Structure formats: C-alpha cells, structure tokens
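Chemist: structure of the sequence below:
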Amino acid sequence: MSVQTFFYAMVFILLVNAILSTITVFWSKRDVSTIWAWLLVLILLPGLGFVIFWFFGRRISDKQIFDLTSQTLVNQELAKQRQKMSIKDITLDSRQQQIINLLQNTDDSFLSLGNLTQPFFEGEAFFEDLISEIKKARHSIHLEFFTIFDDQIGNEVVNILTEKALSGVEVRVVFDQFGSKGRHKKLYKKLVEAGGEVYPFLMRPFQLLTFRINFRLHRKIVVIDGKVGYIGGFNIGDMYLGKSKKFGHWRDTQLKLIGEAALS
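Modeler: Below you'll find the predicted structure:
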C-alpha cells in the first residue's frame, strides 16, 4: 500500500468516524456541554471512543423514562386525601402552605403528620430491626437496594422474605446487578418460586445491549405494609456488619419511618 493510498484511507475513516460521532451524540437530547464532551471523545479516539460511549454515554430512552415515571404509586392518592384532611386541623401561614403545594404539585411529595423516626448507625442494630419488621409484615414488603450480596445476612433476609411470600404476603425486590456483583439467581430461586417478584434494575436478557455504568440504582429503601419504611446508606451484606477485612468496621446511617411518611 502506497503512502498516498494509506493517507486517503485514513482520511476516509476519520471522516466516517466524525459523521457517525455527530449522529450518535445528537441522536437523543443532551445539554450543550455534554454534546461537546462526547464529540471530543468520539472524534479524538476513533473506535475506542464508541466503546467508552456504549457503557458510559448512552441515555435511557424516552420510552423507558415515560414507562418509569407513569407507574402508579402505591396508595399515593389515599395519602394525598389524608393530607388534605390533616392540614385542616393545623394552623399554617401562607408561606408554609405555598411550600406544601409546591412540593405536592412538582414532585408528588405530600405532607404527612404524626410520624415516628428512629436512626440507626450500626449495621447490627439496623438488620436486627429490619428482620423483626419483615417478620411482622401482613400485606406487602417492598425492597430496593443497590447491593444485596449472596452472603450470610443476604441469605438470611431472602429466606425470611421467602417465608413471608409463602404465607401470602406480597414481596417485591429490586436490586442493582452491578452493585450486587451478579444476578444471583440461586439466591432468589426459592423466593420467586414462592410467588415473590425479583427484578434487576434496568436489565434485559441481552445484558451487553442494555448495560449502562452511568445509570445505576443507588437507593436503599424498604417499605413494609405502607406503614414502616427505611431509607439511608446501608445495603444488605456482611460488609455492613463489619465483617469485611478490607473495610473493617462500617459506620453508616439508616432512618426508620413509622407512619404515612413511609408511603412517600
């Protein structure tokens, strides 16, 4: 191959790369700074730039976003009705009322009264309380975690969820497959057979086509019977009990909510 032929071939490849880069970046809505950042990556790193973009740059499709945001929230309308009734019995100035209306209209975040809270800073106390509340569940248990490890505490929690599912309680689990270091089908096998629902966050059968590093589930939420809730920083795993040699003692914060706030 002559130098001239090689030169024209490289020009052609770079031209095609630039055209494909432009189409790729403008395919979905992005802010200007993001567009320029990804254009530089795709154009300056031909080929490799597309590999990086595949895992880090792809957005969730508008259809997926619509499907997620249009889901019916559990007992939300009932909670809103209770809010309207509750605020009639308390004195609010105009500014407080404006804030309440703003949060409800923009984020469907409603005011709840008469709630109890309990903070947890150690994993042992948190898991002991969580397991106790799960055992007392009568209607529904919803868990959403970034990490649910296939270890001692992970299996203990899943086994108790399986028992509750067998007793007729609605059990739903959402976890992040990346954060949990795998799908762990064996961990959830009995729970699914018992009627529980288990879903890895934003994953499909063809994982390579749907995997996104920049869209992960970092929530740590539990809602039991719509009356007891947990939110905070603890995931489910032995490392949060201080059993990891790498991390040692683990200090985090988890807040227990008792009352209508658990629905929010």
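
Chemist: just give the closest residue to Ile100, not the sequence neighbours.
Modeler: Using Cβ to Cβ, 6 or more residues apart in numbering and skipping the chain neighbours, the partner closest in space to Ile100 is Leu111 (5.2 Å). From N, CA and C alone the C-beta is placed, and that goes for glycine too.

Chemist: now that neighbour: which helix or strand?
Modeler: Assigned by DSSP states H and E, Leu111 belongs to no helix or strand.

Chemist: assess the claim that it and Asn101 are in contact.
Modeler: No. Between Leu111 and Asn101 there is no contact under Cβ atoms under 8 Å: 9.8 Å.

Chemist: so between the two, which is more surrounded?
Modeler: Higher neighbour count among Leu111 and Asn101: Leu111, with 22 against 11, using other Cβ atoms under 10 Å.

Chemist: next, count neighbours for the closest residue to Ile153 other than its chain neighbours.
Modeler: Residue nearest to Ile153 in three dimensions, not counting chain neighbours: Asp238, with 5.4 Å by Cβ to Cβ, 6+ apart. Residues lying near Asp238 (other Cβ under 10 Å) number 15.

Chemist: looks like Asp238 contacts Gln152 (just checking).
Modeler: Yes. If you go by Cβ under 8 Å, Asp238 and Gln152 touch, sitting 5.5 Å apart.

Chemist: sorry, back to before: the residue nearest to Ile100 and Glu156, how far apart?
Modeler: Distance from Leu111 to Glu156, counting by Cβ to Cβ, to the nearest Å: 36 Å.

Chemist: run through the residues that contact the residue nearest to Ile153.
Modeler: Shown in contact with Asp238 (Cβ atoms under 8 Å, 6 or more residues apart in numbering): Phe149, Asp151, Gln152, Ile153, Gly154, Ser244.

Chemist: what about burial for those, which qualify?
Modeler: Phe149, Asp151, Ile153, Gly154 (16 or more other Cβ atoms under 10 Å).

Chemist: in which helix or strand does the last one reside?
Modeler: Looking back up the chat, that one is Gly154. Per DSSP H and E: Gly154 is located in helix 152-166.

Chemist: tell me the first helix or strand C-terminal of that helix.
Modeler: The C-terminal neighbour of helix 152-166 among helices and strands, as given by DSSP H and E, is strand 170-175.

Chemist: name the residues of the helix or strand just after that next one that are buried.
Modeler: Going down the chain from strand 170-175, the next helix or strand is helix 185-193, by DSSP H and E. For helix 185-193, the neighbour count (16+ other Cβ under 10 Å) marks Leu187, Tyr188, Lys190, Leu191 as buried.

Chemist: redo those residues as TSV? Include pLDDT.
Modeler: Output for these, formatted as TSV (pLDDT from 0 to 100):
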residue	pLDDT
Leu187	92
Tyr188	92
Lys190	95
Leu191	95
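
Chemist: possible to save the residues you listed as TSV with distance to Phe127?
Modeler: Formatted as TSV, the buried residues of helix 185-193 follow (distance: Cβ to Cβ, whole Å):
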residue	distance to Phe127
Leu187	17
Tyr188	19
Lys190	20
Leu191	18
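
Chemist: gap between the two ends of stretch 172-185?
Modeler: 15 Å (Cα to Cα, to the nearest Å).

Chemist: avg pLDDT for that stretch?
Modeler: Averaged across stretch 172-185, the pLDDT comes to 83.

Chemist: all helices of this structure, in order?
Modeler: 3-26, 32-44, 48-56, 62-69, 76-86, 94-107, 123-135, 152-166, 185-193, 207-210 (DSSP state H).

Chemist: which of these has the lowest mean pLDDT?
Modeler: Lowest mean pLDDT of those: helix 62-69, a mean of 49.
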